[in-house]
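Q: can you look at this prediction? I've put the sequence above it.
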Amino acid sequence: MPGGRLTQQERQQIALGLADGLAYAEIARRLGRPTSTVTREVIRNGGPAAYRADLAHRATEHRAHRRRKAAPRAPGTPPQAHGRDAEAVRAYEETFTTVFMHQGLPTMTARVLAGLYTTDSGSLTAAELAARLQVSPASVSKAVAFLESQGLVRRERDERRRERYIVDDDVMYQSTMAGARGTAHLAEIARQGVGVLGAGTPAAARLENIARFVDFVSESIARAADQAREILHTKPEPAPDAGVTAARGAAG
């Protein structure tokens, strides 16, 4: 039923809808489900081109089994901050991880990045990450080394001399600019091919067009990132006090 877990039959209908080229919203309408449910299901299980109902169902069962086996919260462990639903947070982190994986990140690297982004501090030690993800510190270290090489995280030592891994307000900007530089490098290599293959030949013309296209894209990305950089430093407005909101509603 809507709001419950997807059944295997519903997953088969999703697979059929994708094969027919239906939009997520139309598939969701036919199932009587929110569009977000279908979108999350497909993205989490390979994307529209690779989605398989049987594999998706088994993966979901595996995740549920893994959660049941997870050790219960130890006595005295503080609850989730801000009254968050621990299960909802875990499910969201899985979805966030899947999005990073579809952007090309390895599974463990994607899990580490999602874990850092969903902490209020944006900062965790290797031990904290290992405990949070229930993996070995060596796995965390390898993932962080890759993320750092891509400009997606930075590291520093805290007052206890522990190394902390950080995603701050400017990490996404630096990563975007690094991507733009990488794209511009592709244009340079394409233009080298023009000289090698001979100007005026079909192959050289193709490479020149690629270079022009990539130049335009990389310059546009860099310009847009510079213009939007301040958004990353915008602090959220405090939520209105519930009592004040209710009083205003009654007065209206």
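A: Arrived safely, thanks for sending.

Q: hey, where'd the strands end up in the stretch 151-252 of the chain?
A: Along the stretch 151-252 of the chain, the stretches classed as strands by DSSP state E, counting those that start in this stretch are 154-157, 163-166.

Q: the stretch 1-150 of the chain too?
A: In chain order, the stretch 1-150 of the chain shows strands spanning 123-125, with DSSP E, counting those that start in this stretch as the criterion.

Q: what about it, any weak spots by pLDDT?
A: By pLDDT under 70, the weakly predicted segments of the stretch 1-150 of the chain are 1-3, 63-80.

Q: let's go with 90 and repeat that
A: 1-6, 8, 23-24, 34-111, 114-115, 117-123, 125-139, 141, 146-150 (pLDDT under 90).

Q: got JSON lines for the strands of the stretch 151-252 of the chain, with mean pLDDT and mean neighbour count too?
A: All C-beta atoms are positioned from the backbone trio N, CA, C, and that covers glycine. Output for the strands of the stretch 151-252 of the chain, formatted as JSON lines (pLDDT from 0 to 100; neighbours: other CB atoms under 10 Å):
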{"stretch": "strand 154-157", "mean pLDDT": "83", "mean neighbour count": "13"}
{"stretch": "strand 163-166", "mean pLDDT": "86", "mean neighbour count": "18"}
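
Q: among these, which is nearest Ala56?
A: Closest to Ala56 of these is strand 163-166 (CB to CB; 31.6 Å).

Q: how many neighbours does Thr97 have?
A: Neighbourhood size, Thr97 [other CB atoms under 10 Å]: 23.

Q: what does Pro137 give?
A: As a burial measure, Pro137 scores 13 neighbours (other CB under 10 Å).

Q: equivalent analysis for Gly17, please.
A: Gly17 has 21 neighbours, counted by other CB under 10 Å.

Q: ok, now Leu232?
A: 14.

Q: how near is it to Thr95?
A: 22 Å (CB to CB, to the nearest Å).

Q: find the nearest non-adjacent residue to Glu208, please.
A: Using CB to CB, 6 or more residues apart in numbering and skipping residues adjacent in sequence, the residue nearest Glu208 is Val194, 5.3 Å away.
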